[in-house]
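S.K.: my questions are about this predicted structure, shown below with the sequence.
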Amino acid sequence: MSDMLQDIMDQFDIENNFDYCFSMYCNYLEREGKWNLCENNNAKNNYKCRIRKQYKGDTDIAERSREFKKFETWIEKRKQREQKEAEMRAIKINRQDREKNIVLEKQSQEKDKVIVSLKEQLKLLQEKHDTLLNKYLEECDSDSD
């Protein structure tokens, strides 16, 4: 579970995985229709260029823009959602495993009871066999006299 959470943290790490995060965010903006009213791709390309420059620190702007902060916020929310979903999947899998273990434990106990019963039956059959064998041997001894 911790590996999965670490993978999510790495996936949504803006500093070390900017291109992936920014690509996801741009896809989100595209789906939300941010550039629907634009007649050409200039607005979208300019936006992407500005955000990349702010990430690299190439701009004269002392601090990052409101749009960049929106990007960071969206990535953080997405990371938290992914982590929560991973935790929920882990909880569900854990619950399913416990339920399966309970069923398997019951089956194992039932099989153990069957084994004990069969051992007792085998013991009784062995005793009957021994008794019959002893009677037969006694009859054979008495006939030989």
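M.R.: Yes, it's here. Residues are numbered from 1 along each chain as shown.
S.K.: could you use CA atoms for every contact and neighbour count after this?
M.R.: Noted.
S.K.: which elements pack onto the helix or strand hosting Glu127?
M.R.: Using DSSP states H and E, Glu127 falls within helix 66-144. Under the contact criterion of 3 or more C-alpha pairs under 8 Å, 6 or more residues apart in numbering; DSSP states H and E, helix 66-144 touches helix 2-11, helix 18-32, helix 42-56.
S.K.: if we go to 6 Å?
M.R.: Secondary-structure packing of helix 66-144 (3 or more C-alpha pairs under 6 Å, 6 or more residues apart in numbering; DSSP states H and E): no helix or strand packs against it.
S.K.: could you measure from Met9 over to Arg64?
M.R.: 22 Å (C-alpha to C-alpha, to the nearest Å).
S.K.: with Asn16 instead?
M.R.: 18 Å.
S.K.: look at these two and report which has more neighbours.
M.R.: Arg64 (14 against 11; other C-alpha atoms under 10 Å).
S.K.: confidence score at that one?
M.R.: pLDDT recorded at Arg64 is 73.
S.K.: and the one 3 residues further on, by the same measure?
M.R.: The predicted structure scores Glu67 at 89 on the pLDDT scale.
S.K.: with adjacent residues omitted, what lies nearest to it?
M.R.: What sits nearest to Glu67 in space, not counting adjacent residues and going by C-alpha to C-alpha, 6 or more residues apart in numbering, is Ile51, at 7.8 Å.
S.K.: how many residues are close by Lys70?
M.R.: So Lys70, with other C-alpha under 10 Å, has 12 neighbours.
S.K.: circling back to that earlier point, now the helix holding Glu127, how far from the centre of its chain.
M.R.: In terms of C-alpha atoms, centre = their mean, to the nearest Å, the centre of helix 66-144 is found 22 Å from the chain centre.
S.K.: quick one: work out the angle between it and helix 18-32.
M.R.: Interaxial angle of helix 66-144 relative to helix 18-32 (axes from the mean of the first three to the mean of the last three C-alpha atoms, to 10 degrees): 100 degrees.
S.K.: let me know the angle separating helix 66-144 from helix 42-56.
M.R.: Using the same axes, to 10 degrees: helix 66-144 against helix 42-56 is 80 degrees.
S.K.: and for the residue nearest to Glu67, the neighbour number?
M.R.: 19.
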